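**Student:** A predicted structure for the sequence below; I have some questions about it.
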Amino acid sequence: MFLQTLVTGLSIGAIYSLMAVGYSLIFSVLSFSNFAHGAVIMLGAYIGLALASKLGLGFALVMSGAGAGVIAMINERVAYAALRRRGAPSLYLMISAMGCSMFLENMVYATIGARFYAFPEFFGSRTVRLWGSSLSLLDLCAFVISVTAVFALHLFITRTRTGIAIRAGVNDMTMCSLMGVNTDRLISVVFFIAGAFAGVAGVFLGVRYLVYPTMGWVTNKAYIAAVIGGLGSLPGAMMGGLILGVLETLVSTYISSVMRDVFSFTALTALLICLPDGLMGAETEDKV
C-alpha cells in the first residue's frame, strides 16, 4: 500500500515538476511570475484532447508540447516584449500576465464552452505488479516521461550553445546582449521550452483528471513547488515538485484529502521561515 501511494505521489509530483520547471525557467530569465503559465497548460490539454482520440497519446504529447510552446512564444511577443524593451518593472509584466490568463480562459469559454472533457482510456485499469503492490501504468508512464524531459532540458542547458546563452542571460541579460546574443530570440526559446513543458503537463493532468477551462489554476502547485525548490533553480523545481506530490498523496491517503492543501501551504510557510531561498535557491542581494 505504501509503495503504491509513493509511486502515485511521485507521478503527481513529476507533473508538478514539469509545470514548476517552466515557471522557474521564465522567472530566472525575466524575474517575474508568469501567471499566464496556467492558461498555457490548459490550452496544451485541449490540443492533446483534440488529437489523442485519433492519433494516440504519444503523438498528442508531442503536438501539445509544440502547440503550447508556440502559444507561450506568441504570448511573450504580444504581452511582454514591449514592456520588457522599455524596462518596465516586473509588476507590470505580472499584471499583463494576469490579463493574458483571463483572456485565454474566457476565449475558451466563448469558443469551446464550459463542459468537462475526458481523454480516452489509454491505460484503463492496467497495472504492474512490484513487490506485492499494484502500480498504475499511468503513474509509471507519467513519472518516466516527466523525469526524462527534465533531464533532457538539463543536458540542453549545460551542453548546447543556446543553453549556455540562457545561463548567461540568467546572470546578466544586458551583458549577454553586449556579447552579441540576440536576447529577443533567446527569450522566445525560453518561453517555447516553458510552454512545451506546460503542454505535456496539461495532457497528463487531462488523462489523470478532466479537461476544462479553469484547470490551469493547478499551476498554483507549480508556484509552491518552485518556491520550495528555490526560485530560478531547475533542479530545485524538480525536487520541489516531487516533494509536494508525495506530501499531498500521503496526506490524502493517510489523513484526509480535505487537508491536502492545508499541509501543502503549511509546509511552504514553514520552509520560507527556515529557508527563505528554498532548498536549492541561490542567496541574492539587491544592488544599490
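**Tutor:** Now that the structure is in, tell me what you want to look at.
**Student:** hang on, V207 packs against L138?
**Tutor:** Yes: counting by CB atoms under 8 Å, L138 is a contact partner of V207 at 6.6 Å. The way it works is simple: take the backbone N, C-alpha and C, and place the C-beta from them, glycine included.
**Student:** who has more neighbours out of the two?
**Tutor:** The neighbour comparison of V207 against L138 (other CB atoms under 10 Å) goes to V207, with 26 against 20.
**Student:** is G180 part of a helix or strand, or is it coil?
**Tutor:** coil (DSSP: H, G, I helix; E, B strand; the rest coil).
**Student:** I meant to write P120 there.
**Tutor:** Under three-state DSSP, P120 comes out as coil.
**Student:** which one is it nearest to, not counting chain neighbours?
**Tutor:** Of all residues not flanking P120 in the chain, S53 sits nearest, at 5.2 Å (CB to CB, 6 or more residues apart in numbering).
**Student:** helices and strands around the helix or strand that neighbour falls within, which ones?
**Tutor:** Here S53, judged by DSSP states H and E, is contained in helix 37-55. If contacts are counted by 3 or more CB pairs under 8 Å, 6 or more residues apart in numbering; DSSP states H and E, helix 37-55 sits against helix 2-30, helix 57-75, helix 90-111, helix 183-208, helix 219-229.
**Student:** ok so, going back, what is the burial count for the residue nearest to P120?
**Tutor:** Other residues lying near S53 total 12 when counted by other CB under 10 Å.
**Student:** and the one 5 residues further on, by the same measure?
**Tutor:** Neighbours of G58 under the rule other CB under 10 Å: 11.
**Student:** next one: L55
**Tutor:** 13.
**Student:** and the one 4 residues further on, by the same measure?
**Tutor:** Neighbouring residues of F59 were enumerated by other CB under 10 Å; the total is 13.
**Student:** so what's it up against?
**Tutor:** If you count contacts by CB atoms under 8 Å, 6 or more residues apart in numbering, F59 has them with L51.
**Student:** state the distance from it to A72.
**Tutor:** Distance from F59 to A72, counting by CB to CB, to the nearest Å: 20 Å.
**Student:** D184 against A82, yeah?
**Tutor:** No: look at D184 against A82 with CB under 8 Å: they stay out of range, at 11.5 Å.
**Student:** who has more neighbours out of those two?
**Tutor:** Using other CB under 10 Å, the more surrounded residue of D184 and A82 is D184, with 14 against 11.
**Student:** quick check: closest non-adjacent residue to that one.
**Tutor:** A81 (7.1 Å).
**Student:** how close does the one you found sit to I224?
**Tutor:** Here the criterion is CB to CB. By it, A81 lies 28 Å from I224.
**Student:** who has more neighbours, the two?
**Tutor:** Neighbour count, other CB under 10 Å: between A81 and I224, I224 has more, with 23 against 14.
**Student:** check contacts around the more buried one.
**Tutor:** Applying CB under 8 Å, 6+ apart to I224 gives the contacts 240, 244, 264-265, 268.
**Student:** just the pLDDT at it, thanks.
**Tutor:** Looking at I224, its pLDDT reads 85.
**Student:** over to V7?
**Tutor:** pLDDT recorded at V7 is 80.
**Student:** for it, grab the count of nearby residues.
**Tutor:** V7: 21 neighbours (other CB under 10 Å).
**Student:** isn't it up against D139?
**Tutor:** Yes: with contact defined as CB under 8 Å, V7 reaches D139; the gap is 5.2 Å.
**Student:** buried residues, stretch 239-254. List them.
**Tutor:** For stretch 239-254, the neighbour count (16 or more other CB atoms under 10 Å) marks 239-253 as buried.
**Student:** if we take these, which one ends up nearest to L91?
**Tutor:** Nearest to L91 among these: G240, at 24.4 Å, using CB to CB.
**Student:** list the contacts of the closest one.
**Tutor:** For G240, the contacting residues are 16-17, 20, 224-230, 278-279, by CB under 8 Å, 6+ apart.
**Student:** using CSV, lay out the residues you listed together with distance to S257.
**Tutor:** Converted to CSV, the contacts of G240 look like this (distance: CB to CB, whole Å):
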residue, distance to S257
Y16, 17
S17, 21
A20, 22
I224, 17
A225, 19
A226, 24
V227, 23
I228, 21
G229, 24
G230, 28
G278, 26
L279, 26
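**Student:** gap between stretch 31-46 and the chain center?
**Tutor:** Averaging C-alpha positions (CA atoms, centre = their mean, to the nearest Å) puts stretch 31-46 8 Å from its chain's average.
**Student:** buried ones in it?
**Tutor:** Neighbour-count burial for stretch 31-46 flags 32-46 (criterion: 16+ other CB under 10 Å).
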